[in-house]
Structure formats: structure tokens, C-alpha cells
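Asker: Here you go, sequence then predicted model.
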Amino acid sequence: MNMEALDNKGALRMVTLFSGAVKGMAFYPASHPSIRQPMLELDKILAQAHGRAPEVSWGILDGAMFFEGHLFINPPTAIVDVTNRMMEKDIGRVTVAAGLTFDELQNFIRLFSAKGAGFDTLVERMRQDGITHIRLLRQGEEGIESPEEILAEQEDEGNYLVTYGQALNAIRDICSDIERGRIPSSAPVVRVVDRMVGITMQEPSILVGLTMIKDYDSYTFNHCVNVGILSMALGASLGMDVMSVTALGIAGELHDIGKTMIPKKILNKPGKLSSDEYGEMKRHSELGAKIIREMEGLDPHIAQIVLGHHMHFDRSGYPEWAQKLPFNQMIDIVAIADTYDAITTLRVYQHPINPRAALHEMQKLAGTFLDGSLVASFIEMMGKYPVGTLVRLDTNEVAVVYRPNPLDEEAPMVRILIERDGTRLSVPREQLLTEKDGARYAQIVAVVDPLLKNIDVAKFVVSGNY
């Protein structure tokens, strides 16, 4: 397999430069510095990319732009502009081959910027101008991969559910070793987090749908994996580096391992804990940090994150003796992931809150329990209708959100589960709420409680899991 042509930052920069050059063509001649400078930098980036791969390409799927292995779910304005222009021209993919000349690049940008030029006209004009190193594919043409297929090239297993299962097994094994009085190996959890980081750094929200997997009988294991995924996603969306996102993933997946040493009668008590029981429960963060310090191959900083994940943003949490320690923002990131997954999960003492309502509840905790700026970033990452939200459409159909829509937060990608006449579909139907020509299929009118409909949303969020 070829090395990745561009990292996420480079991919974003390339598309941003392309967008700027295209916009500039409407106002300036090609020789103007406002156009020539971004084109020169764009030409340089493409040359560097071609030094690692013979071709680079970008395109559109379900309204979202991808560049090689990078999927822009929540894109900036520049990417939205390029996406809209490509959809107007019915372009599904642009492939640029090594050997591209500066003149070819400049001529293509000039042709692409022309108003009213459809796919066939653009292809013909490219042929007439001798642009041979850029190839266009129409939307829907064979050869355009799905986002999952694009990113699966980076994933050894090629299956996110397999990776999620491996993470569950790693946590189970660690907890089992602790219960037997052994010092656990860190290798399995490190390996699976490394795989998850490779995906998350390309597109932070791509694995978030997996966190809707809730198993009442294996709550601790699922919760740990989900907190790891959500922590990595938030860290990556904030622009953190690979090492920091990896630390967040490992700390998130291990944040509650100290509970393995808490008596089961306290952990599983359906009612309110007594003062003594709550005091015992609060020891889990200290116990978890102690276990991590004894595990080989883990950075001591991970133990510090686990120690402080209940410290609260205002540092009024526990353990009380550690409130004055110099914790960094990572404990607040894990706290946000922990809170979101906990309140969206059914427990013996708690009715789960739907994902959208959960974000509103978290806003109430901003400034005290949770870092307000991080809550805002988390909400932006999750979208107005987070993945896993069950909704009713104005057609009376019931659907589950499986992916946000970068072009319109009011119209996320959904899978129809119940027809307008109440018939439940044996296989969900994927549906764009707003078509590429702007036509509206339906709009969301309400959020539905999945328990009232007896629907396990996790089953329908992950493709191929139904």
C-alpha cells in the first residue's frame, strides 16, 4: 500500500487553496497575486503528494467531501463551497495524476470556476485544452468508494465493528487479570487504540456511531470503549496531535478499571448509595491510577488522567486530596466523554436520555462540572441531531440519524425504520432529507424516544449491523 499522500492538515489546506483560487477567478485575471499565489502553493502541495502516491483524488459522497482517506464531516466554509460547486456540475470525483503541469492546473481551475458549465461541457473543454493529468468522474459512476471503503484501507481489519469488539475484549481481559490479582498487560489496549487513532485523526467523528452500542449486561466494558472513542474524537476535532489523541484513547478506555476493585454489591446497587458506599465508590479513580502505574508500557500521564477524570472543571470533585494537583485539559475531555455516554445509557437507576437531549443537559453543567468551551466544541462535533438520534419526519416516517450532514445540520443522513403507515422495515432505507438538486424529501419535526418504539438504535447506526 502507498504511504498516505497527505495528512488531514495537508488535505484541508489543499482543498482550501483550490477553493480560494476558484473564487478568485471570478474577480481577477490568472496572473493576479490573489490567484497566482494560492495556485503556486497548491501546485507545490500536489507535487509533494505525488512524491508519495501516483494519484490523489477528492470527491463527494452523501453530501460530504473526502480527500483520499480523509472524510470532512463538519467542514469549514471553503470545503462547503467546493462541495457545492462539484454537486452543481455533477462531479463525483476529481483525480489528479503525477506529471500535472502548472498550466494544466491553472486551466482546470479556470474551467471549473465557470458558471453554468455542466459535467459534459467541462470534460470537453478539458480535452480541448489538453488537460490530460486530471480526470473527472460523474456522481454515481462506478469507482467512487464509500467513506467506509476509503477509510478501511487504513484499517487492518477493514471493519469498525471488529475493531470495537477487539477493544471490548482488551478491557475484559484487563478487568479479568485485575480480579485475579495479576498486573494486566497494556499491549492489547494499546494496539486497538492505535488502530482507532489512525481512523479518528483522518475524521474525528467517523467512529462516534459505534458509541451507540450499549450492552446492559456488559455496561462497564462498553462504557470504557465508548469513552475512549468519544475522547479521541473530541481531542482530534480540537486539533491535538497523534500522541495526545492516543493518550486520550487509552485513558478513556481505562478510566473506570478501578471499579473492578469495588465490591459488586455497591457497583450494581439499584438505589441511592449510602454515604459510606459512595465513599467507597469514589476510590475507583485512585485505584485505577494505581493499576495503570503498575502496567508496563503506559505513560505515567495516562494514570494522571484517570486519577482526575472526576475532578470536575471547577476542581471540586474527587479525590479531594488531589484537587490542587496540576491537571491539564485532558481530564476535562475524558469527563465530557464519560458524562455523555453515561447519560445516554440505560442503567438500573437511570432512564437513558436521547443524544440530542443529552447535549442540552451537558450545557447545564458547563462552567462547574464540565469545561464550557469543551462542551461547545463537543456539541459542534456531534451536530444538531447527533448520531443515534431517533426522529420523526413530517412524512410521519421514523428514522435514525447515522451521519451528520456537513451542508445542512437540519438535514442529517438518516435510515428510515418505520414507514408512514406504521410498517416496520426489515431492512432500513437510507434517505437524503435534502436531495443534491435542493429538493426536500422531508424535514425533522420531533425527536422520538427509542424505548417507546422498542428500537435499539445502535443496531441501525452501524452499516451492516442489521
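Answerer: Looks like it came in fine. Predicted, not measured: the structure shown is a model, and the values here were computed from it.

Asker: Can you give me the pLDDT of the residue nearest to the spatial centre of the chain?
Answerer: Nearest to the centroid of the C-alpha atoms of the chain, with distances taken as Cα atoms, centre = their mean, sits S205, at 0.7 Å. S205 is assigned 75 on the pLDDT scale.

Asker: what do you get for E155?
Answerer: Model confidence at E155, given as pLDDT, is 42.

Asker: And C175, by the same measure?
Answerer: C175 carries a pLDDT value of 91.

Asker: for it, helix, strand, or coil?
Answerer: What DSSP: H, G, I helix; E, B strand; the rest coil gives for C175 is helix.

Asker: Repeat that for G92.
Answerer: What three-state DSSP gives for G92 is strand.

Asker: quick one: the helices in the stretch 201-350 of the chain?
Answerer: Remark: helices assigned in the stretch 201-350 of the chain by DSSP state H, counting those that start in this stretch are 219-237, 242-254, 264-267, 275-281, 284-294, 300-307, 330-343.

Asker: Select, out of the ones you listed, the one closest to M413.
Answerer: In terms of Cβ to Cβ, the element of the helices of the stretch 201-350 of the chain nearest to M413 is helix 219-237, at 17.5 Å. For the C-beta atoms, the positions are set from N, CA and C on the backbone; glycine is no exception.

Asker: Which positions in that closest one come out as buried?
Answerer: 219-237 (16 or more other Cβ atoms under 10 Å).

Asker: what's that helix packed up against?
Answerer: Contacts defined by 3 or more Cβ pairs under 8 Å, 6 or more residues apart in numbering; DSSP states H and E place helix 219-237 against helix 160-179, helix 187-200, helix 242-254, helix 330-343, helix 372-382.

Asker: rewinding a little: from memory the residue nearest to the centre of the chain sits against P404, does it?
Answerer: Yes. Counting by Cβ atoms under 8 Å, P404 is a contact partner of S205 at 7.0 Å.

Asker: Out of the helices and strands packed on helix 219-237, which gets nearest to S19?
Answerer: Across those, closest to S19 is helix 372-382 (Cβ to Cβ), at 20.9 Å.

Asker: ok, residues contacting that closest one?
Answerer: 74, 204-205, 208, 233-234, 237-238, 313, 329, 332-333, 336, 340, 355, 359, 362-363, 365-366, 404 (Cβ atoms under 8 Å, 6 or more residues apart in numbering).

Asker: Now do that helix and helix 330-343, the angle between them.
Answerer: 50 degrees (axes from the mean of the first three to the mean of the last three Cα atoms, to 10 degrees).

Asker: Out of the helices of the stretch 201-350 of the chain, which gets the lowest mean score?
Answerer: The stretch with the lowest mean pLDDT among those is helix 264-267, at a mean of 88.

Asker: where does the stretch 301-450 of the chain have low pLDDT?
Answerer: For the stretch 301-450 of the chain, applying pLDDT under 70 flags the ranges 346-351, 406, 436.

Asker: can you map out the strands along it?
Answerer: 390-393, 398-403, 413-418, 424-431, 444-447 (DSSP state E, counting those that start in this stretch).

Asker: Next, format the helices of the stretch 201-350 of the chain as a markdown table and append distance to E179.
Answerer: Converted to a markdown table, the helices of the stretch 201-350 of the chain look like this (distance: least, Cβ to Cβ, whole Å):
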| stretch | distance to E179 |
| --- | --- |
| helix 219-237 | 12 |
| helix 242-254 | 15 |
| helix 264-267 | 10 |
| helix 275-281 | 17 |
| helix 284-294 | 11 |
| helix 300-307 | 18 |
| helix 330-343 | 22 |
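
Asker: Perfect, I'm done here.
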